[in-house]
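**Student:** Quick one, structure for this:
(one chain, ligands or ions: 2)
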Amino acid sequence: MREVTAFAPATVANVSCGFDILGFAIDSLGDKVKVKLTEGSALKVVEIQGDEGKLPFESEKNTCSVAIQAMLDQMDLHVGMEISLYKGLPLGSGMGSSAASAAAALVAANEVLGKPFSKEDLVPFAMEAERIACGAAHADNVAPSILGGFVLIRGYDPLDVIKLPVPDGLHCTLLHPHLELKTSDSRSVLKQQISLKDATMQSGNIAGLIAGLYKSDFPLIGRSLKDVIAEPSRALLIPGFYELREAIKNVGALGSGISGSGPTIFILSSNESIATKAGEVSRKVFDEIGLGVDVYVSKVNVKGAFIL
Ligand SMILES: Nc1ncnc2c1ncn2[C@@H]1O[C@H](COP(=O)(O)OP(=O)(O)OP(=O)(O)O)[C@@H](O)[C@H]1O
Ligand SMILES: N[C@@H](CCO)C(=O)O
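**Tutor:** Numbering: from 1, shown residues only. Ligands and ions are numbered 1, 2, ... in the order given. Okay, the predicted model is just below:
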């Protein structure tokens, strides 16, 4: 029976002002999933590596099998598959860990079935996995993990996903503090209503960020990285968040924000040298507060998930 392995990258969701509607993919970090067609009609998660034994093997709980089942349901197809997951992302990190598993699983399963779907068509199936893992079927991790680059979710009903341009030179620094923050918990602290003033400000910044991407206008991108919806509540859960924001101003970074639901912080810069310096000054902030941190510097991954 055919066997295929796929890789899907880490992602930064929200991108500050784009709560639930913007995300981009990161180079090199991600999950791998192997899918093997078998006899029968059951989906079985047979192997999980890199999760310290924390993730479920139950097919109704693992985002790999939940996503593939959503695809098979759409096809009204009953086939057996063995699924092996190789986690390359920390759990509850803000780097789209659950999304990367679902994205890699779908790309591999789509391949073994003869590619009945386009990559864009796989996004809704991955959203069903996010519903299970995060309590919400948001697309701002799974869409960029599958498609690559910067992605706007213009609408959810019906789903309307738009790929955005990536300015040459744009780099991302990720700071993953050594603490876990589950997406479901991080969503639970969000206010459910915002003022007209905040809605106006958020709309302007989303439009400004997207315009900055199209114009390759780095100062415009930088001044648009402001979030009045999620950051005010979630930054309180991330030690060093505001100290880091001040520290990176001295190295010329464009701006910072919470990656997804956190605790990872992302910093955007116009070149690799600044992104690296931003990582260095950020590490000092965490050293001063006594919190371990992993630092990653990456270009934006424009390829998305792919077959290995
Ligand atoms: N393959 C998987 N199957 C089931 N649950 C998973 C899988 N991978 C991660 N999770 C769980 O999903 C939940 C949401 O986590 P996730 O790790 O995606 O948050 P995250 O990395 O902070 O991402 P983000 O905040 O960007 O969505 C966590 O409890 C995590 O352990
Ligand atoms: N938009 C989601 C992203 C989670 O990665 C949230 O902020 O909860």
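**Student:** Can you pull the poorly scored residue ranges out of the stretch 51-200 of the chain?
**Tutor:** Counting by pLDDT under 70, the stretch 51-200 of the chain shows no low-confidence range.
**Student:** Show me what from it comes close to ligand 1.
**Tutor:** Within the stretch 51-200 of the chain, the residues that sit near ligand 1 (Cβ under 6 Å from any ligand atom) are 55-56, 61-64, 85, 91-99, 101, 133-134, 141, 182-183. (C-beta placed from N, C-alpha, C; glycine too.)
**Student:** Filter the residues you listed down to the buried ones.
**Tutor:** Buried by 16 or more other Cβ atoms under 10 Å: 55, 62-64, 85, 91-99, 101, 133-134, 141, 182-183, out of those.
**Student:** Now go through the residues you listed and say which are in strands.
**Tutor:** Leu85 (DSSP state E).
**Student:** Burial check on Gly292, number of neighbours?
**Tutor:** 11 (other Cβ atoms under 10 Å).
**Student:** Sorry, wrong one. I was asking about Val15.
**Tutor:** Val15 has 31 nearby residues by other Cβ under 10 Å.
**Student:** next one: Ile26
**Tutor:** Residues lying near Ile26 (other Cβ under 10 Å) number 26.
**Student:** So for it, what's the nearest residue that isn't a sequence neighbour?
**Tutor:** Leaving aside its chain neighbours, Ile26 sits nearest to Ala10 (4.4 Å; criterion: Cβ to Cβ, 6 or more residues apart in numbering).
**Student:** which residues sit in contact with the one you found?
**Tutor:** Contact analysis of Ala10 by Cβ atoms under 8 Å, 6 or more residues apart in numbering lists Ala25, Ile26, Leu29, Gly30, Gly88, Leu89, Met95, Gly96, Ser97, Ala100, Ser145, Leu174.
**Student:** restrict those residues to contacts with ligand 2.
**Tutor:** The subset of the contacts of Ala10 within reach of ligand 2, by Cβ under 6 Å from any ligand atom, is Gly96.
**Student:** Looking at the contacts of Ala10, which is nearest Pro116?
**Tutor:** Ser145 (19.9 Å; Cβ to Cβ).
**Student:** what about that closest one, which SS state?
**Tutor:** Here Ser145 is recorded as helix under DSSP: H, G, I helix; E, B strand; the rest coil.
**Student:** Could you list the alpha-carbon positions for stretch 165-184 in CSV?
**Tutor:** Coordinates of each C-alpha in stretch 165-184 appear next as CSV, following Å, rounded to 0.1, in the frame of the first residue of the first chain:
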residue,chain,number,x,y,z
PRO,A,165,2.6,39.3,-1.1
VAL,A,166,5.7,38.9,1.0
PRO,A,167,8.2,41.8,0.7
ASP,A,168,11.8,40.8,-0.1
GLY,A,169,13.9,40.9,3.0
LEU,A,170,11.1,40.5,5.5
HIS,A,171,12.4,38.4,8.4
CYS,A,172,10.8,37.1,11.6
THR,A,173,12.3,36.5,15.0
LEU,A,174,10.4,34.2,17.2
LEU,A,175,11.0,34.1,21.0
HIS,A,176,9.5,31.1,22.6
PRO,A,177,9.6,31.5,26.4
HIS,A,178,9.8,28.2,28.4
LEU,A,179,6.1,28.2,29.5
GLU,A,180,3.0,26.7,28.0
LEU,A,181,-0.2,28.6,27.1
LYS,A,182,-3.0,26.5,25.6
THR,A,183,-4.9,28.2,22.8
SER,A,184,-8.2,27.4,24.5
